[in-house]
Structure formats: C-alpha cells, structure tokens
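> Turn this into a model:
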Amino acid sequence: MGLSFVNIHGQQISELQLGAMKAEGLEIERKRRAANKADQVSVHKGWRVTGVAPGLLDDARAARERLQAMARKAGGKPIEDFDQVAWQRNAKRSAVRSKLYGLESAAKQCAELASKAGWLDVQIQEIKKVVA
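This next block holds a predicted model:
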C-alpha cells in the first residue's frame, strides 16, 4: 500500500498530477526569482584606493630574519628565506583613504600619489551597492 494524495476537496490526486503541479510550482518560482533579479539595480557608491601600506614589507622581512635567528640559536630546522612575491600575494590590503572618491580621476590621482609615497600593489576598486 503506497501513499495517496488528496486535494483540498478530498479528491484523490494521481502521481502524474502531483508531478505536474510540482513542475508548475517550480516554474512559477523560477519566474518570480528572475523578475526580482531584473528589478535589482546597482548603485555606484564611489571609488576606493587600496594597497599594502609602506613599511609592512620591511616589518615582515625583519620578522622573518628574527625567526631565522631564533631557529639558528635553538639549533632547530632552518627556516626558508623571505619570499616577497608570496608575501605580497597574501598581504593585508588597506584603504589609502577611508573616505571613497566620487570621481574615478581623483582615485587614479590618489593611486599615483600612493605609489610614489611607497604603497605597494595599489589598486582602484569601484564600490557598488545592489538595490532591489
């Protein structure tokens, strides 16, 4: 004996009818979600300039040298030399300026100045907010 399904009026519903109703419900849900996505608009909030602050590379290099010296002193396993490329790939990036720039040209100018001031791997990011 298997399960049997009934509608709100107590009439029995076959498995075929049940499958068709599920498919129809899924199609309606898909259309509703697609309509919601179409209504979403992204609003431009500004431009942010980010990079690796000056001095962080030197601090990381010095910390690695201290660690190597401690390992040599303790007679432990030798530690690899400092890998600048790997460090830059994983370095914490911070905003050059906490306030966003309204114009892309202003952000580009800030990025140039930051590079000249010693910031590493300077990038400009567009900040957007999705509004329904």
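> Would you mind giving the domain segments of the protein?
5-39, 41-131 (the TED database).
> Grab the longest helix from the chain for me.
Under DSSP state H, the helix in the chain containing the largest number of residues is helix 15-39.
> residues in contact with the least confident helix or strand in the chain by mean pLDDT?
Across the helices and strands of the chain, mean confidence by mean pLDDT, DSSP states H and E is lowest for strand 5-6: a mean of 84. For strand 5-6, the external contacting residues (CB atoms under 8 Å, 6 or more residues apart in numbering) are Q12, I13, L18. C-beta here means a position set from N, CA and C on the backbone, and glycine is covered the same way.
> switch to 10 Å and redo it
Outside strand 5-6, the residues that touch it by CB atoms under 10 Å, 6 or more residues apart in numbering are Q11, Q12, I13, S14, E15, Q17, L18, M21.
> chain center to that strand, what's the gap?
Centroid displacement of strand 5-6 relative to its chain, using CA atoms, centre = their mean, to the nearest Å, is 47 Å.
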